[in-house]
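**Student:** Here is my input; please provide its structure:
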Amino acid sequence: MTAVNDTPTALNWLRNQVGRIRPKPSNPLNPKKTGLSPEPVAPPAPSVAIVTDSAAALPPEWIGEIADSGVLTVVPIPVIIGENVYSDDDAELEVHISLALASGKPIKTSRPSPGQFERAYKAAADAGFAQIVSLHLSKKLSGTLEAAQLAADRSPIPVHVVDSATVGMGQGRGVQAAVESSLRGDDAPAVIAAATTAFAATAVYFYVPSLEQLRRGGRISLASSWFGTVLDIKPILGIKDGAIVPLEKVRTAAKAIARLQALAAADITARGAAGTRISLHHFGNADQARALGRALEAGAPGLADATLTRLPAVLAAHAGLGVLVVVVSDAVVPPQPDPEL
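**Tutor:** Got it, this is the predicted structure:
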């Protein structure tokens, strides 16, 4: 009998068995052909810091959600009652303002000092950010933008100071868009574009029971105040080109609030409920604001839940107790993944 060498056959069998259990190498250029999911790619670390002021009325819960990123800094705007200066984040400030309004004690606001912005800009540089986008309330309503510009000249990294030409969550929506853009790893021009697009896509409507505080603070003309106090007209106001403008004049508070709701509802309808977000601000009248929000939601099926925040003290100091604000804005659409991936 002739002897047979089984070694090559055994090796071939072993190679076949190993080949069956060894996974095929993935094709990173075409993961669909491998049947395996591609490894998720983390976005680049944000290089653009965002700085804003407390007039943006950002919801505290949202600030808490993005706090760990370190991207956002909110510089408080001081409020002056009598001889005392308060920060907007003072827990007792609402009580102080309410008492001052009731007693007729003068209330003023002041822009943040350039030094406050310098510290914010330096902190961003120390944290490793390469650039800063600084977004602020309308320069026609406050000197805050000017203070930021003065500080920008002394910043260790480039600062782009942007006038939102609005206030409240009209400003806040742009800040949120800027933060989201930065967290995606966008550069400064893209972050600014995201913010300015959001600013332009907002409308601010508000009602104040009395125009006296706005007149004292120089935010409206003496003639507009006279119409509101002498004739007891309750105006609906808005923001246009960064300034407060009268939209409509109504005789009673109840009719004014109903008209405020109607104007906001018409704006929501024109944009389409599914593509719209609303925010409501109040000061001393949270229940009234909630009722207004529920009414707007009920009248626009598909509208996302309204955001409700207390009007920042720097704005309440001029608007007074009982103010109602509705901010209508386009919904922010997050970037969609590439369908080819």
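**Student:** Could you confirm Phe206 falls within a helix?
**Tutor:** No - assigned with DSSP: H, G, I helix; E, B strand; the rest coil, Phe206 falls outside any helix and is strand.
**Student:** can you tell me which residues contact it?
**Tutor:** By C-beta atoms under 8 Å, 6 or more residues apart in numbering, the contact set of Phe206 is 236-238, 260, 281, 319, 323-326. Every C-beta, even on glycine, is put in place using the N, C-alpha and C of the backbone.
**Student:** and which of those is nearest to Thr73?
**Tutor:** Among those, His281 lies closest to Thr73 (C-beta to C-beta), at 21.7 Å.
**Student:** What's the separation between that closest one and Glu61?
**Tutor:** 15 Å (C-beta to C-beta, to the nearest Å).
**Student:** again, but for Ser279
**Tutor:** Remark: distance between Ser279 and Glu61 (C-beta to C-beta) = 13 Å.
**Student:** How about Gly70?
**Tutor:** Separation of Gly70 from Glu61 (C-beta to C-beta): 18 Å.
**Student:** More neighbours: which of those two?
**Tutor:** Gly70 (14 against 9; other C-beta atoms under 10 Å).
**Student:** how's this protein carved up into domains?
**Tutor:** For the chain, automatic domain parsing gives the domain ranges 48-77+112-200, 202-330.
**Student:** just so I know, which of those lies nearest Tyr86?
**Tutor:** Minimum separation from Tyr86 across the domains of the chain (C-beta to C-beta) falls at domain 202-330, 7.2 Å.
**Student:** Out of the helices and strands in this protein, which is least certain?
**Tutor:** Least confident helix or strand, the chain: helix 7-21 with a mean of 42, by mean pLDDT, DSSP states H and E.
**Student:** What segments of this structure are helices?
**Tutor:** Residue ranges of the helices in the chain, as given by DSSP state H, are 7-21, 31-34, 60-66, 93-103, 114-126, 144-152, 169-183, 188-200, 212-216, 222-230, 253-271, 286-298, 313-319.
**Student:** In CSV, list those helices along with distance to Val159.
**Tutor:** Below are the helices of the chain laid out as CSV (distance: least, C-beta to C-beta, whole Å):
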stretch, distance to Val159
helix 7-21, 58
helix 31-34, 41
helix 60-66, 20
helix 93-103, 29
helix 114-126, 6
helix 144-152, 4
helix 169-183, 13
helix 188-200, 10
helix 212-216, 31
helix 222-230, 36
helix 253-271, 33
helix 286-298, 35
helix 313-319, 22
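**Student:** right, and those - which one's nearest Ile81?
**Tutor:** helix 93-103 (4.8 Å).
**Student:** Check the gap between His136 and Asp53 for me.
**Tutor:** Using C-beta to C-beta, His136 is found at 5 Å from Asp53.
**Student:** again, but for Gly64
**Tutor:** Distance, Gly64 to Asp53, using C-beta to C-beta: 18 Å.
**Student:** Just the ones in strands from the contacts of Phe206, please.
**Tutor:** Taking DSSP state E as the definition of strands, the contacts of Phe206 contribute 236-238, 281, 324-326.
**Student:** where are the low-confidence patches of the stretch 1-150 of the chain?
**Tutor:** The model of the stretch 1-150 of the chain has pLDDT under 70 over residues 1-43.
**Student:** And for the stretch 201-341 of the chain?
**Tutor:** Regions of the stretch 201-341 of the chain meeting the criterion pLDDT under 70 cover residues 210-232, 332-341.
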